[in-house]
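S.K.: What follows is a predicted protein model with its sequence.
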Amino acid sequence: MAKFFQILFLSFCLVIQAQNLKIIQKPIDYSKERMKLSLDYMKEHHNLVQKTPNITPKIVVLHYTAGGTIESNFKYFNNLYLENQRATLKKQSLLNVSAHFLVDRDGTVYQLIAPELFARHTIGLNYCAIGIENIGSKSQPLTDKQVEANAELVKYLAKKYPIEYLIGHSEYGVFRNSKLWKETDSSYFTGKEDPGAEFMKKVRGKLTDLKLKNQP
């Protein structure tokens, strides 16, 4: 428990500098109830029983938000409970979706959750995955500044954690038959198209030296 609160304390540092990367802290409310719902999710969907919702990151998953702004997406992720419109997800857990990082269209990076803590963003892999959301959509393509920011952020995370994989949200299905996949409900799966093949190609092109895998 002491380690958990130490992580929370560190996450409230004003600014993290890492090479050319500046991470602005904008923490969502990781309350006791969010902790409980996260632990319940880990138990029910990943078959993991833990006292704190800590993860050991092995995968970085890139997403896009499908619209909105930093503030509107922050407010959305800050909600504890999932909205009623997302019925498929809500049947599985009341816990709202979230991400560890949010990247604006000008490349500004915001940290919402400490990377060592659980966030619900990728079915089957939440227990070992860091989620990075980018402001954009299919009709609002992600920017070159977001490419640069994502690449720098992944470099930073790969130095700090034992990251082995980098995938886009649309690519997560290739893990379904692997040892990394932990989802107790075999029917729980949703098709995704974010953040787009071209974006992933550009980000990976800047990270060839890391030799990160895109499949198990």
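M.R.: Now that the structure is in, tell me what you want to look at.

S.K.: wait, is Lys155 part of a helix?
M.R.: Yes. According to DSSP: H, G, I helix; E, B strand; the rest coil, Lys155 belongs to a helix.

S.K.: quick one: it and Ala149, what's the gap?
M.R.: Plainly put, Lys155 is 11 Å away from Ala149 if you go by CB to CB, to the nearest Å. All C-beta atoms are positioned from the backbone trio N, CA, C, and that covers glycine.

S.K.: cool, and Glu83?
M.R.: Glu83 is 28 Å from Ala149, by CB to CB.

S.K.: Which of these two has more residues huddled nearby?
M.R.: Comparing Glu83 with Ala149 by other CB atoms under 10 Å, the one with more neighbours is Ala149, at 27 against 12.

S.K.: The more buried one reaches Ile23, doesn't it?
M.R.: No. Between Ala149 and Ile23 there is no contact under CB atoms under 8 Å: 9.8 Å.

S.K.: Which is the succeeding secondary structure element to the worst-scoring helix or strand of the chain on mean pLDDT?
M.R.: Across the helices and strands of the chain, mean pLDDT, DSSP states H and E gives its lowest value to strand 15-18, namely a mean of 45. Sequence order places strand 21-25 as the next helix or strand after strand 15-18, per DSSP states H and E.

S.K.: okay, which residue is most central for this structure?
M.R.: In the chain, the C-alpha nearest the mean C-alpha coordinate belongs to Gly131, at 1.2 Å (CA atoms, centre = their mean).

S.K.: contacting residues for the nearest residue to Ser170 once chain neighbours are set aside?
M.R.: Leaving aside its sequence neighbours, Ser170 sits nearest to Lys192 (CB to CB, 6 or more residues apart in numbering; 4.7 Å). By CB atoms under 8 Å, 6 or more residues apart in numbering, Lys192 lies in contact with 169-170, 172.

S.K.: In CSV: those, plus secondary structure.
M.R.: Below are these laid out as CSV (three-state DSSP):
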residue, secondary structure
His169, helix
Ser170, helix
Tyr172, helix
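
S.K.: With pLDDT as extra columns, can I get these in JSON lines?
M.R.: As requested, the contacts of Lys192 are exported to JSON lines (pLDDT from 0 to 100):
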{"residue": "His169", "pLDDT": "98"}
{"residue": "Ser170", "pLDDT": "98"}
{"residue": "Tyr172", "pLDDT": "98"}
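
S.K.: which one of these is nearest Lys201?
M.R.: Distance to Lys201 across the contacts of Lys192 (CB to CB) is lowest for Ser170, with 12.6 Å.

S.K.: residues in contact with the closest one?
M.R.: 191-197.

S.K.: did I read that right, Lys202 in a strand?
M.R.: No. Judged by three-state DSSP, Lys202 forms no part of a strand; its state is helix.

S.K.: need the contact list for it.
M.R.: Taking CB under 8 Å, 6+ apart, one finds 144, 147 in contact with Lys202.

S.K.: And it, how far from Ser137?
M.R.: Taking CB to CB, one finds Lys202 at 17 Å from Ser137.

S.K.: Over to Asn20?
M.R.: 26 Å.

S.K.: quick one, which of these two is more surrounded?
M.R.: Ser137 (16 against 11).

S.K.: what's the closest non-adjacent residue to Lys213?
M.R.: Tyr165 (5.0 Å).

S.K.: coming back round to it: quick one: which of the contacts of Lys192 is nearest Gln92?
M.R.: Of the contacts of Lys192, the one sitting nearest to Gln92 (CB to CB) turns out to be Tyr172, at 15.5 Å.
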